[in-house]
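**Student:** Fold the following and give me the result.
(one chain, ligands or ions: 2)
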Amino acid sequence: MDAARVVNSEDMSAVHDLLSTDSRDFLITPSKGQVKVDELEGKTIGLYFSANWYSKCQQFTPILVDVYTQLKEQGDKFEIVFVSSDEDQISFDLFHGTMPWLAVPFSDLQSKKNLTQKFQIEGIPSLIILNSRGRPIQTEGVELIYQYGVQAFPFSSEKIVELEAEELANHASQTIGRLLSTSSRDYVSKQKEQVPISQLVGKTVGLYFSAFLCSPCEKFTSRLVTVYQQLKEKNMDFEIVFISVDRDETGYIQCYQSMPWLALPHGDETAKSLLRYFHVQDIPTLIIVGPDGKTVTREGRNLINLHLEMAYPFTEAQLSWLQERLDEEARNYPKSIHHIRHRHTLNLVSASSGGGPFICCECEEQGSGWAYQCIECGYEIHLKCVQGIGQDNLENRTVNTACACTSGN
Ligand SMILES: [Zn+2]
Ligand SMILES: [Zn+2]
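**Tutor:** Residues are numbered from 1 along each chain as shown. Ligands and ions are numbered 1, 2, ... in the order given. So this is what the prediction gives:
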């Protein structure tokens, strides 16, 4: 008992040293109340480095709020401390107002700096987990929350190893039925109708994670609709299921209106568990499940962008055939070109000669492998996007302000 107390007082000072200063022994609540740092003693703590101005933080915060609320309801000893990178007090107040946990006061810039340095925070959002003795045990808290949600608690390495093993087993025994159904629902929606999930067995199925008012989603959806219709015309055994990331039903309805395929009913809990199961962090995401119910690829979006309907059935055999075809075609492309929408010369690159994953400055979609690249400013485009220029769709193109160098005519 005595020994335990000694250890405790030492550990208490670990949390105390980390989160208080000579002039401040408290943290603040969203309603500007104060909570003594020492009250966190014995709890697992998440240090949440985040900022209002960054979309990835805005996206992650509500997910963390859900997990936090559930852990609190279960009575788990868990607390989160927001360490803000907001630009001013007003932004800080607004952002902290969306969080049910504590924060280091915005005015205490020195503590923020010290914590950022101590935990070598290079990007946000970041969630550093301290165990009940105040020792850091996980630096990848954000990923763990995305993957395992509330189950990740208490974030010990034993717990994570256990979850990983469980996840591997789940993926190995995956079927479309297990992915999409619940104990009370064995159908998916087709607008107002119900379609039994059994009808999807033996098909290639795309699980499409998307949301309303997300411009990359809107853009990709229209491309995916074309591909879907082409595959349907060819009678391919292909189906898509929309999995909404929208919180409100209006967003869901608006978004689903533009889609000719199936959907999980709005508000279904399966959507959340699928997000975690497939580690979806960005939308739009298209996961492809094969006729045997196993995951074929998580790169459906990228593959559709590169190959359109030719990507089907997304198997390695199809992709290597497409790659060979692309290599063959690329051999006939000029080594360098002058593209009318860019002021510098562009060079043909492949994965083995300086090309890598990129965002196309013309269509703003992902690409990898063959591309035309500007050595001077990093401008990079798909081969197919060069072909399109000056032809039918030039008037529809917008200049991408994200590129280092704006296009010159
Ligand atoms: Zn492109
Ligand atoms: Zn350039």
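
**Student:** Can you tell me how far residue 165 is from residue 171?
**Tutor:** Taking Cβ to Cβ, to the nearest Å as the measure, residue 165 falls 11 Å from residue 171. (C-beta placed from N, C-alpha, C; glycine too.)

**Student:** Quick check: residues of the chain near ligand 1?
**Tutor:** Neighbours of ligand 1 within the chain, by Cβ under 5 Å from the ion: 360, 362, 363, 382, 385.

**Student:** pLDDT added to these, as JSON lines?
**Tutor:** Below are the residues of the chain next to ligand 1 laid out as JSON lines (pLDDT from 0 to 100):
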{"residue": "360", "pLDDT": "90"}
{"residue": "362", "pLDDT": "89"}
{"residue": "363", "pLDDT": "85"}
{"residue": "382", "pLDDT": "88"}
{"residue": "385", "pLDDT": "85"}
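
**Student:** Those into CSV, with extra columns for neighbour count, distance to residue 175 and secondary structure?
**Tutor:** Shown next, in CSV, are the residues of the chain next to ligand 1 (neighbours: other Cβ atoms under 10 Å; distance: Cβ to Cβ, whole Å; DSSP: H, G, I helix; E, B strand; the rest coil):
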residue, neighbour count, distance to residue 175, secondary structure
360, 21, 36, coil
362, 25, 40, coil
363, 19, 35, coil
382, 23, 35, coil
385, 21, 38, helix
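
**Student:** Out of the residues you listed, which comes closest to residue 92?
**Tutor:** Distance to residue 92, by Cβ to Cβ, is smallest for residue 360 among the residues of the chain next to ligand 1, at 36.5 Å.

**Student:** For the residue most central in space within the chain, report the pLDDT, please.
**Tutor:** By Cα atoms, centre = their mean, the chain has its centre lying nearest to residue 281, at 1.2 Å. Reported pLDDT at residue 281 in the predicted model: 83.

**Student:** nearest spatial neighbour of it, skipping sequence neighbours?
**Tutor:** Closest residue to residue 281 apart from its sequence neighbours, by Cβ to Cβ, 6 or more residues apart in numbering: residue 146 at 5.7 Å.

**Student:** so the one you found touches residue 63, yeah?
**Tutor:** Yes. Residue 146 lies in contact with residue 63 (Cβ atoms under 8 Å); the separation is 7.0 Å.

**Student:** right, and the helix or strand after the helix or strand bottoming out on mean pLDDT in the chain?
**Tutor:** Counting by mean pLDDT, DSSP states H and E, the chain has its least confident helix or strand at helix 2-19, which shows a mean of 62. For helix 2-19, the following helix or strand on the C-terminal side (DSSP states H and E) is strand 26-28.

**Student:** I'd like the mean pLDDT over that following strand, please.
**Tutor:** The model assigns strand 26-28 a mean pLDDT of 98.

**Student:** end-to-end on stretch 196-205?
**Tutor:** Stretch 196-205 has an end-to-end distance of 14 Å (criterion: Cα to Cα, to the nearest Å).
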